[in-house]
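>>> Okay, predicted coordinates and the sequence, questions at the end:
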Amino acid sequence: MNFQIRRILLSAAVGVMAGMAAAVFLIALNAATLLRESYPWLIWLLPAAGAVIGYAYYKYGQGTDKGTGLILEQIHDPSNIIPFRMAPMVLLGTVLTHLFGGSAGREGTAVQMGASLADQLNRFFKMSPEDRKALLIAGAGAGFSAAIGAPLAGALFGLEVIQVGRLRLFALAECLVASFVAYYVCRLLGAPHSVFGPVGDVSFNALGFVAVVGAGLVFGLAANIFMRFTHWIERCQKRYIGHPAFRPVVGGVLLVILYQLEGSFRFVGLGIPVIQDYFSQSAAFLDPVYKTLFTGLTVGSGFKGGEFIPLVFIGSGLGSALSVVLPVSVSLLAALGFAAVFGAAANTPLACAVMACEIFGWHIAPYAFLACLVAYFVSGHLGIYKNQKIVRSKRDQLLWVFRRK
């Protein structure tokens with residue numbers, strides 16, 4: 001009994017830390033976004049911000065520059081405690097990225113902060129490797145939960161993200177406690193959460209399911225293209241620019257030039273208002289292309305912030321655009337793309353289907369799970385998170401499903 005109480009208390013402590021960190025981060029990020037919108041000329045300083053971020057990580061960020069990859073590495077093979085400096089460095093790096101107009105996300109930052117703070121408990125409490133793994137997973141899920149406002153999805157995300165092909169539930173209790181505590185702590189502290197358009201009544205019929213399968217195929221392809229492009233940018237930067245501190249500078253210069261050429265500046269920063277518009281009006285098919293270009297260049301060059309919101313932008317825009325050719329409402333397709341493209345890129349289809357239900361209503365559940373699973377199987381094994389273990393290929397997973405039938 002004492003062991004179970006200890007697990008619950010430690011998980012709750014992880015949730016408190018992750019929720020507080022996420023609240024501070026979301027408030028700071030909102031202030032940075034408002035400041036940039038008030039002074040658009042700040043975008044011209046993006047290369048200088050890249051120089052600061054690049055030098056800071058080169059000088060002080062050794063061991064933390066792997067980001068979420070470091071967390072997964074420690075979950076699979078626990079060795080050294082994740083440095084505490086990961087949390088403040090990724091927070092400041094992300095705020096700077098958004099203040100000066102980088103096209104990045106925010107949930108990846110919350111995941112890194114949640115897990116790195118959770119691992120600090122290992123300095124004060126004697127833990128077995130399995131206990132440490134459980135708290136790392138819970139911390140990652142709690143950060144996700146607090147940042148997006150979906151506690152069930154956060155708990156599942158922590159469990160699902162660590163490996164492809166098998167969902168292990170050994171840390172389910174820790175993930176649930178930490179995710180719900182983080183969610184409510186973040187809300188209690190008044191952190192701003194984005195509100196997206198509602199999905200109205202949904203009708204289920206054969207034509208609708210066929211259309212959702214078609215949309216899922218497109219979502220999976222979009223996720224694959226995004227991942228390949230981002231990794232290509234990263235490889236090019238490492239190949240042609242020897243010093244890591246200069247890579248964000250070059251990326252920042254290219255971004256400023258491309259922003260000017262595109263002209264609308266709709267793809268700067270998070271782009272939450274643009275995403276919200278996708279739920280009520282059809283998007284142009286070029287919108288996801290532009291966001292892929294700008295975010296791949298931002299993240300691949302070493303700016304901070306992660307890929308969740310950009311992938312939500314791409315997915316919602318793609319779903320909204322597909323509503324012109326598919327017999328499904330614009331709000332439903334935008335909601336499905338919202339979840340499915342990130343679920344495919346992160347290899348977390350179940351967590352993202354649940355996220356869609358928590359945000360848009362459980363009445364869309366059959367379509368949400370279908371779109372996320374189709375996109376997941378189509379996207380291939382490449383993922384945005386390095387060090388994910390592939391314990392069973394997606395082909396084998398499909399064959400297993402059909403054999404069971």
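Structure received.
>>> Give me the local confidence score for residue 263.
Note on residue 263: pLDDT of 91.
>>> where in the chain is pLDDT low?
Applying pLDDT under 70 to the chain flags residues 1, 3, 66, 165, 391, 394, 396, 398-405.
>>> residue boundaries of the strands in it?
Assigned by DSSP state E, the chain shows strands spanning 163-164, 389-390.
>>> Select, out of these, the one closest to residue 312.
Closest of the strands of the chain to residue 312 is strand 163-164, at 21.0 Å (criterion: CB to CB). In short, each C-beta sits where N, CA and C put it, glycine included.
>>> Which stretch among the strands of the chain is buried most, on average?
Highest mean neighbour count among the strands of the chain (mean count of other CB atoms under 10 Å): strand 163-164, with a mean of 20.
>>> For residue 340, see how far away the closest residue to residue 30 other than its chain neighbours is.
Counting by CB to CB, 6 or more residues apart in numbering, residue 30 lies nearest to residue 192, which is 4.9 Å off, once chain neighbours are set aside. Distance of residue 192 to residue 340, computed by CB to CB, to the nearest Å: 25 Å.
>>> between those two, who's got more neighbours?
Between residue 192 and residue 340, counted using other CB atoms under 10 Å, residue 340 has the larger neighbour count: 38 against 13.
>>> Specify the residue ranges that define each domain of the protein.
2-188, 206-400 (automatic domain parsing).
>>> now the residue nearest to residue 30: how far from residue 182?
For residue 192 relative to residue 182 (CB to CB), the value is 16 Å.
>>> likewise residue 92?
Distance, residue 92 to residue 182, using CB to CB: 21 Å.
>>> Which one of these two is surrounded by more residues?
Per other CB under 10 Å, whichever of residue 92 and residue 182 has more neighbours is residue 182, with 34 against 17.
>>> Mind jotting down where the helices sit in the stretch 101-250 of the chain?
Secondary structure of the stretch 101-250 of the chain by DSSP state H, counting those that start in this stretch: the helices cover 107-119, 129-148, 151-160, 172-188, 206-240, 247-262.
>>> could I get the domains of the chain as JSON lines with distance to residue 200?
As requested, the domains of the chain are exported to JSON lines (distance: least, CB to CB, whole Å):
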{"stretch": "domain 2-188", "distance to residue 200": "20"}
{"stretch": "domain 206-400", "distance to residue 200": "6"}
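>>> among those domains, which is nearest residue 196?
Per CB to CB, nearest to residue 196 of these: domain 206-400, 5.9 Å.
>>> hmm, back to that, nearest to residue 214, of the strands of the chain?
Closest approach to residue 214 among the strands of the chain (CB to CB): strand 163-164, 24.2 Å.
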